[in-house]
Every structure is written in C-alpha cells, then in structure tokens.
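Q: Could you work out the structure for the sequence below:
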Amino acid sequence: MLILLATAPGLRRSYPYIWWCVLGYPVTVIRVRLTWRRLTTNLGLAVAKRPGRALLGDLVVRGDPLKPVPPRLGVPKLWRGGLDVAVRMHPGQVPDHFLSAVEALTHAWRVHAVRLFSDERGFVTLSALAWDPLWAPVVPYQLKQRVLRAVVGLLEDGRAWVIDFRRAPHWLIVGATRSGKSTLIASLVKELAPQRVALFGIDLKGGIELSLFEDRLSALASTRAEAARLLAELVAETEARMQLCRSVGARSIWDLPAKARVLPVVLIVDEVAELYLMATWEDKAEVGEISTNLLRLSQLGAALGVHLIIAGQRVGSDLGPGVTALRAQLAGRVCHRVSDAGTAEMVLGDLNKNALEAAQRITLAEQGVAITADTDGRWTRARSIHVTPDQARPPGRATAHMARPGPGDPWPWRHPP
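A: The predicted structure is shown next:
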C-alpha cells in the first residue's frame, strides 16, 4: 500500500486512466460517502421526516428540523476518467435544486468538475470528472467508419466526439476568430472526404477557408450570386429526390432500391451572416431567395440525404427572422468562444441555460474547446483535434475524383445507374 501511495503522483502523470481505476476512483467513492450527509444538510437538500414546527397549547413553535434525511445516494459507477452516481430526490425536489450544489460537490470531492443530468423522473445523475481530458485531446479509439459519421475530437467524459448526420441531420457551428471553428470544420471535412458523400461549399470570404478542400468539393460558391444559384440547384435536386422516393413508395433515400440509390449531400456554409447582409433593395430580393432556399433544405433534406453545416462568427436574431427559423431546424449545435452574448444565446439559449453559461466561460486560452449538444438534449464540453492546413489538403486531393460526375451522370452527387 505504501508503495502504491508513493508511486501515485508519477502514475497519475504517466498513466492517468490506470491511476484513476486503481487509486483515484476508490478514494473519491470514500469522499462521496463521507461528505454526502453533511453537504446535503448544509446546502438544504436534506429533508427532515418531522416538520420544524410544533403546537404548544395555542402557540406555534418553530425551530430547526431534527435529523434531516439526505437524498438517497446510489452506487457510484466507474467510467473512463470519472464516475456517475444516481441520486433519488425527495418529494417536492426537482433537478434545479441540485444545480446550486454542483460547485460545492466539486470542491468536496476534489474532482475537476461535476455535471448534473436527469434522465429519469425522481432521479438525478451526478457525473464527476477526475481531470480535464480536453487539455491535450487524443481520440482514444477509432470508430468503425460509416457514411455521414465523423470523429472530430474528444468529449469531456473521455469518449470520442462524433458528428453523426444520421442522428442530427443539420448542424450549427459558431465561434470567434481563433476559437477553433475552422479547425473543427477542417477535421470534419477530412473525415468525410473518403466517404461516398458529395460535398459542397459556400464561403463568402472569397473562398479562403474552404479552398483547402476545393479539390474534394463538387462546387464552391465564393460570392452571394454563386451561393444563390447553388442553393437553387440543391433545392431542385431535393425536390427531384422527393418525387423519386414517392414513385417507389420510399420514405427516405435509405429505403430506395439499389438502382435508384443517390449519394448523400453535405453543404458547408461558412460565415452565414454574409448571406443575410443587405446594402440595397436589390440585395433584399436575393437575400430573401437565399433564406427561403436554406430553410427549405433544412426542412426537407433530412430524409432526402441533404445535410447542412451552418457556420459563422456571429449568428444573431438581428440578421432577420430567416436566421431564427433556420436555427430551429438545426438539431446539432456547437458553440466555441464567441465575441457577443447574442450569438451564444442563439445557439444554446433554446436548449439549456447551463450550457449557455458554460459557453460564456470559455477563455481565449481554450482554443478548440466548445459546448456541443444534439438530439438527446444533453450538452457537454468537447475539443476538436487540431488539423493544420498541411494535414487538411492531402485527403481532399487524394479523393478529388469523388467530386467529379461519372459518365452520363448529370449530377456529381448521384450514383450512376
């Protein structure tokens, strides 16, 4: 035992997961058990079986309740780099009552952070993180490759960060300059490049950001006029797919017979705010058409294999009602450090107020760190794997042939018959 304690600091530095399983987890479980009653009593979460008032003749006497009972604590469950423990709430308690206790639990248990989730009525789950795995993210394993699924980084609980378009068909990604937004997009395109997927881009910064992948993109629009034409073509293709599915009685492209199968489409829109800026009355008509077509793609595309990645430094309601309506269709959300509170509110405000607060606490030093959420309603901190321009170009060039139409195929994103 003495040898284990003596080697613990070195073991934690060199093999943190082994240290956590052998020493960190048992010690933390002991702390959880020893501190639970006192913590819940001090924080007002323990409830007395008898009321704190009594009737003495005609006089009501009030006092402190005797022997308060803490919420029932479950068995802590070990996972990679942390533990989960379920708590049964007293009648009348809700998860918000425990939110104020999270910071106190973090200090009492001496862990990096404590997160709170509620997946079952009457229970909350406290998830403790032993350390911050996002300090130097390395994907612990490679998932089996599947179309429209990309491993882009690491989640705070040590699992791989996966963007899965079959799970959340459209994504909203925001971040200020040097926050990690471009790195995330590069990591995403790098993973999608070898897949049987048609990639399109709209980049109104002259194509600077997405030009790294131009060889792999079937089309890259760098002006608003080009973007309007590309969106109109994609809407027409979406409508054609709708008719195709209807003709064979299929509810989505995944139910089509092999002969009629079409390729999924992923459209990456960078600096989306540029699409909505208006300087003249002529711009208003063009912006209205673009806004309508983006909204149609987001509403119709999920079952028809047309997916959106909407990215930008600033996405706010001041850009018009079209942006707010589009946001409602984007189930996947990623918020890096942003320069204004309105953008974070647009991305996470309708999902979870705690996620919004966590996004606003991301610092300049945490490049690549983001708050992400998708269809399961949960949010977590994540960090993308850093991808340099030199690392991003080769996959696009190696798969450039996949962006070109086949013989007799009018659409580069449609399988030849």
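Q: all contacts plus neighbour counts: C-alpha atoms, from now on.
A: Noted.
Q: center of this structure - which residue?
A: In the chain, the centroid-proximal residue (C-alpha atoms, centre = their mean) is T372; its distance is 2.3 Å.
Q: So for that residue, what's the pLDDT?
A: Looking at T372, its pLDDT reads 92.
Q: now swap in D390 and tell me
A: 80.
Q: That one is in what secondary structure piece?
A: helix 389-398 (DSSP states H and E).
Q: Same question for T125.
A: Remark: T125 resides in strand 123-129, with elements defined by DSSP H and E.
Q: Give the next helix or strand downstream of that strand.
A: Taking DSSP H and E, what comes next after strand 123-129 is strand 149-155.
Q: Tell me if I am right that the residue nearest to the centre of the chain is in a helix.
A: No - assignment of T372 by DSSP: H, G, I helix; E, B strand; the rest coil gives strand, placing it outside any helix.
Q: Nearest spatial neighbour of it, chain-adjacent residues omitted?
A: Nearest residue to T372, sequence neighbours excluded (C-alpha to C-alpha, 6 or more residues apart in numbering): V334, at 4.4 Å.
Q: again, but for V75
A: V85 (6.1 Å).
Q: Also L155?
A: In space, L155 comes closest to A382 once its chain neighbours are excluded; the distance is 4.3 Å by C-alpha to C-alpha, 6+ apart.
Q: Which positions in the helix or strand harbouring that neighbour come out as buried?
A: A382 is part of strand 379-384, with elements assigned from DSSP H and E. Of the residues in strand 379-384, W379, T380, R381, A382, R383, S384 count as buried by neighbour count, 16 or more other C-alpha atoms under 10 Å.
Q: Pairing partners for it, with directions?
A: strand 149-155 (antiparallel), strand 369-373 (antiparallel) (DSSP bridges).
Q: what sits up against the shortest one?
A: For strand 369-373, the external contacting residues (C-alpha atoms under 8 Å, 6 or more residues apart in numbering) are 134, 179-180, 332-337, 355, 358-359, 362, 379-384.
Q: so what's W131 up against?
A: G81, V111, H112, A113.
Q: From what I see, the third one and D132 are in contact.
A: The one in question is H112. Yes - between H112 and D132 there is a contact under C-alpha atoms under 8 Å: 6.4 Å.
Q: and which of the buried residues of strand 379-384 is nearest to V269?
A: Nearest to V269, judged by C-alpha to C-alpha, of the buried residues of strand 379-384 is S384 at 18.8 Å.
Q: which regions of the protein sit below the pLDDT cut-off?
A: 1-8, 10-12, 50-66, 136-144, 279-281, 375-377, 404-417 (pLDDT under 70).
Q: Setting the sequence-adjacent residues aside, check what's closest to R72.
A: R88 (5.1 Å).
Q: all strands of the stretch 151-300 of the chain, in order?
A: With DSSP state E, counting those that start in this stretch as the criterion, the stretch 151-300 of the chain has strands at 160-164, 170-174, 198-203, 219-221, 265-270.
Q: Dump these to JSON lines, plus distance to I30.
A: Formatted as JSON lines, the strands of the stretch 151-300 of the chain follow (distance: least, C-alpha to C-alpha, whole Å):
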{"stretch": "strand 160-164", "distance to I30": "29"}
{"stretch": "strand 170-174", "distance to I30": "41"}
{"stretch": "strand 198-203", "distance to I30": "52"}
{"stretch": "strand 219-221", "distance to I30": "57"}
{"stretch": "strand 265-270", "distance to I30": "49"}
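Q: Using TSV, lay out the ones you listed together with mean neighbour count and distance to R397.
A: Output for those, formatted as TSV (neighbours: other C-alpha atoms under 10 Å; distance: least, C-alpha to C-alpha, whole Å):
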stretch	mean neighbour count	distance to R397
strand 160-164	20	23
strand 170-174	26	25
strand 198-203	25	13
strand 219-221	22	15
strand 265-270	24	18
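Q: Between the ones you listed, which one is closest to L126.
A: L126 lies closest to strand 160-164 among the strands of the stretch 151-300 of the chain, at 20.8 Å (C-alpha to C-alpha).
Q: just to revisit the earlier point, so for Q367, which of the strands of the stretch 151-300 of the chain sits nearest?
A: Closest among the strands of the stretch 151-300 of the chain, using C-alpha to C-alpha: strand 170-174, at 13.0 Å.
Q: For H112 and D132, indicate the residue with more neighbours.
A: Shown here are H112 and D132; by other C-alpha atoms under 10 Å, D132 has more neighbours (17 against 14).
Q: and that one, what does it touch?
A: D132 neighbours (C-alpha under 8 Å, 6+ apart): H112, E156.
Q: again, 6 Å this time
A: Contacts for D132 were tallied using C-alpha atoms under 6 Å, 6 or more residues apart in numbering; there are none.
Q: and what of G92?
A: G92 touches nothing, counting by C-alpha under 6 Å, 6+ apart.
Q: separation between it and R121?
A: 12 Å (C-alpha to C-alpha, to the nearest Å).
Q: What of T106?
A: 24 Å.
Q: Could you do K284 as well?
A: 49 Å.
Q: Who has more neighbours out of those two?
A: A direct count of neighbours by other C-alpha under 10 Å for K284 and R121 places K284 higher, at 14 against 10.
Q: who wins for proximity to P76 among the strands of the stretch 151-300 of the chain?
A: Nearest of the strands of the stretch 151-300 of the chain (C-alpha to C-alpha): strand 160-164, 22.7 Å.
Q: Tell me which stretches of the stretch 1-150 of the chain form helices.
A: All helices of the stretch 1-150 of the chain, identified by DSSP state H, counting those that start in this stretch, fall at 2-14, 16-19, 25-42, 95-99, 102-109.
Q: Show me how this structure divides into domains.
A: 2-129, 149-403 (automatic domain parsing).
Q: most neighbours per residue, which of those domains?
A: domain 149-403 (a mean of 20; mean count of other C-alpha atoms under 10 Å).
Q: And that one, end to end?
A: 18 Å.
Q: quick check, distance from it to the centre of its chain.
A: 12 Å (C-alpha atoms, centre = their mean, to the nearest Å).
Q: any chance of the strands paired with strand 379-384 in TSV, plus distance to D270?
A: As requested, the strands paired with strand 379-384 are arranged in TSV below (distance: least, C-alpha to C-alpha, whole Å):
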stretch	distance to D270
strand 149-155	18
strand 369-373	17
